[in-house]
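Chemist: mind looking at a prediction? Sequence and model below.
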Amino acid sequence: MRLPAGSIEEDYIVKVDKLSVYFTKGGMFSKKVLIKAIDNVSLRIKNREILGVVGESGSGKTTLGRTTIGLQKPTYGNVYLKVDGKEINVGKSPLKKVNKYVQMIYQDPYSSIDPIMRVYDVLAMPLKYRKEKDIEARIEEAMRLVDLPLELLENRVYQLSGGQRQRLSIARAIAVNPRYVVADEPTTMLDASLKGEILKIIKDAREAKNISFMLITHELPIAKIISDRISVLYLGKLVELGRSDEIIKNPLHPYTQALIDAYPTINPELKDKIKEIKIKPDIVRPEKGCVFAPRCPFAMPKCKEREPELKEVSQGHYVACWLY
Amino acid sequence: MLLEVKNLKIYFYTKRGVVKAVDSVNLNVDKGEIVGLAGESGSGKSTIGYGIMRLVPFPGKIVDGQVLFKGEDILKMDEDTFRKNYRWKKIAMVFQGSMSGFTPVFKIKDQIIEVLKLHGWNGDYEERVRELFKMVNMDPILADKYPHELSGGQKQRAFIAMALALNPELLIADEPTTALDVIVQENILNLLKRLRKDLGISIIFITHDLALLSEISDRDYILYAGKVMESGPSEVIFKRPRHPYTQALIESIATLDKDVIKGIPGSMPDLSNPPTGCRFNTRCPFAKDICFKEEPKMKIFSDGDEVACWLY
């Protein structure tokens, strides 16, 4: 059997294996409810790959990212990190062991960096903590990679603009030479004029330092531009996975199709027209069957009864839908 | 003309100096028109909206200019007259993040009824709430819910319903779809387009998302650092923009047909100490000597485009 792209046994850095993460909600005044933030998801991130994770709010994309770096424990299943030929079980190993290899970039550069710290200290602290050598050189290298002038090192973080702060948070993440970085909506808070630059920096960092990325975003074009493959999450389920251009050009899952159709384009001719949206706007979580069935325009009786499994429809293109 | 803003100046008096957030802005809105105000953060787009509502937050002040609503200068009126006859009655606003603008402790219905009561609505309150919910495509049963029981999109639609409560003629929608998912976003856009068609209401649509704006607006004002850089019909602004800033901004929008997006190097100038000449001069690839000396005047083109740039 030919192995599908992206699941080649040897070449991966992150292996997510039948992962489920559940939370309980309520309990004090209301009935306890189990929220399946991630439900039986399996995927791999290859070495030097940028994997885009897209989905609406509540799809579980941040939970997935956090679980892959040990910030959230799996309820079921495992996450493995493979460094230098050795596998580390992320959920079962001490954080300190995992932290050596992983980093995170957060959405809001205003709350993820202490504003009164000096830029130099923001970068030096994690290096000192790891007892690294050549701190000065490492800091300079990181500043260069994110295109920040060295003069800023003496400034305080609050003196930086939003774009500069996000560059700094990327510099902080890559200065410690991680192998795998989770970037959670790194461009969402930034103005359009700055997004392009941030994407370029992430790509450059991959090239210069051989870092693999999980890039979480709700902006499909961002995922398309930067990632090698895109995975689409819906209510904690992985519904589609494939090469980025393939997902955008030839989406298979009705949910992915709706997302792409709805995405705004520059189109002043639309101003007097109503844009037809095939799926219902409100998310409904069904008790059984396919999670998307309540909103799906193609739902069949089977969809309401049984859950479709992720299957490979063409090389490297996976979808969980009864239509295929 | 329904609304004419003339030479509006809104300054913020901060410890670090006077921030000229809105500086000599002119804009018009016709009856039934959807007008876009677009720009990056710090461009002054929301402040203009607050200015028209006379709700500029401290330490901001409207320093100069006129806001004519059907010819009447609403900046000259005393607060009482404005509150009784204009705010929410003729001009209503959907605030940025207004999804979280409902108090969590009262039912949506009661919060809308309070608006009706305060402004002396004649008629059956409950009936009006049902009518408003139908207008925004929501099941009236949802009016009986508490805010936390609704989804983000539902809350946003409910807030639009509340803004429409007194049949305003002008709706200022400040980033009405930000923080909502794409499918819900398009849903809200469709709703606003339908309201314009059915009620003949005028809408000022404030946003940083130009792709989204292009799908709804008739005319647009592109703002940068408190100044209008370019204004014109949407077909011109989005297809043949003249100002280098508009051009760069449109190139930087991430859409699915692009393989790369370009950014605009540099950042917005400090508005407590704006550069002399054109405010975009620090980032403009075409800047020449005169751009650093003198501010460009608005030039009007035959296709309705107005551009403040020394290139023309």
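Modeler: Okay, I see it. Residues are numbered from 1 along each chain as shown, chains lettered A, B, ... in the order given.
Chemist: low-confidence ranges, chain A, go.
Modeler: Along chain A, the parts satisfying pLDDT under 70 run over A:1-9.
Chemist: as a quick check, tell me the outermost residue of it.
Modeler: Residue farthest from the centre of chain A, counting by CA atoms, centre = their mean, is residue A:272 at 36.1 Å.
Chemist: check which helix or strand covers the closest residue to it other than its chain neighbours.
Modeler: Of all residues not flanking residue A:272 in the chain, residue B:193 sits nearest, at 7.3 Å (CB to CB, 6 or more residues apart in numbering or on different chains). For glycine as for every other residue, the C-beta is placed from the backbone atoms N, C-alpha and C. Using DSSP states H and E, residue B:193 sits within helix B:182-199.
Chemist: list the buried ones in that helix?
Modeler: For helix B:182-199, burial by neighbour count (16 or more other CB atoms under 10 Å in any protein chain shown) applies to B:182-193, B:195-196.
Chemist: for it, give the mean pLDDT please.
Modeler: Averaging pLDDT along helix B:182-199 yields 92.
Chemist: by contact count, what packs against that helix?
Modeler: Secondary-structure packing of helix B:182-199 (3 or more CB pairs under 8 Å, 6 or more residues apart in numbering or on different chains; DSSP states H and E): helix A:254-262, strand B:34-38, helix B:125-135, helix B:152-163, strand B:170-174, strand B:202-207.
Chemist: give me the angle between the last one and helix B:182-199.
Modeler: Put plainly, it is strand B:202-207. 160 degrees (axes from the mean of the first three to the mean of the last three CA atoms, to 10 degrees).
Chemist: how many neighbours does residue 163 have?
Modeler: Looking at chain A here, since you left the chain open. Number of residues near residue A:163 (other CB atoms under 10 Å in any protein chain shown) recorded here: 23.
Chemist: wrong chain, I was asking about chain B
Modeler: Around residue B:163 there are 25 other residues, counting by other CB under 10 Å.
Chemist: residues contacting the residue nearest to it when sequence neighbours are not counted?
Modeler: Spatially, and ignoring its direct neighbours in sequence, residue B:163 is nearest to residue B:92 (4.0 Å; CB to CB, 6+ apart). Contacts here follow CB atoms under 8 Å, 6 or more residues apart in numbering or on different chains; on that basis residue B:92 touches B:163, B:164, B:165, B:166, B:168, B:170, B:171, B:172.
Chemist: what kind of secondary structure is residue B:92 in?
Modeler: Residue B:92 falls in the strand class when you classify it by DSSP: H, G, I helix; E, B strand; the rest coil.
Chemist: how close does it get to residue B:49?
Modeler: In this view, residue B:92 and residue B:49 are 11 Å apart by CB to CB, to the nearest Å.
Chemist: go on, residue B:108?
Modeler: Taking CB to CB as the measure, residue B:108 falls 24 Å from residue B:49.
Chemist: kindly report the same for residue A:77.
Modeler: Relative to residue B:49, residue A:77 is positioned 48 Å away (CB to CB).
Chemist: the two: who's more crowded?
Modeler: Taking other CB under 10 Å, residue A:77 and residue B:49 do not tie; residue B:49 has more neighbours (23 against 18).
Chemist: hmm, residue B:204 and that one touching each other?
Modeler: Yes: taking CB atoms under 8 Å as the definition, residue B:49 is a contact partner of residue B:204 at 6.6 Å.
Chemist: overlap in contacts, the two.
Modeler: Common neighbours of residue B:49 and residue B:204, using CB under 8 Å, 6+ apart, are B:37, B:172.
Chemist: returning to what we had before: dump the buried residues of helix B:182-199 to CSV, plus distance to residue B:246.
Modeler: Shown next, in CSV, are the buried residues of helix B:182-199 (distance: CB to CB, whole Å):
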residue, distance to residue B:246
B:182, 24
B:183, 28
B:184, 28
B:185, 23
B:186, 24
B:187, 28
B:188, 25
B:189, 21
B:190, 26
B:191, 27
B:192, 23
B:193, 23
B:195, 28
B:196, 24
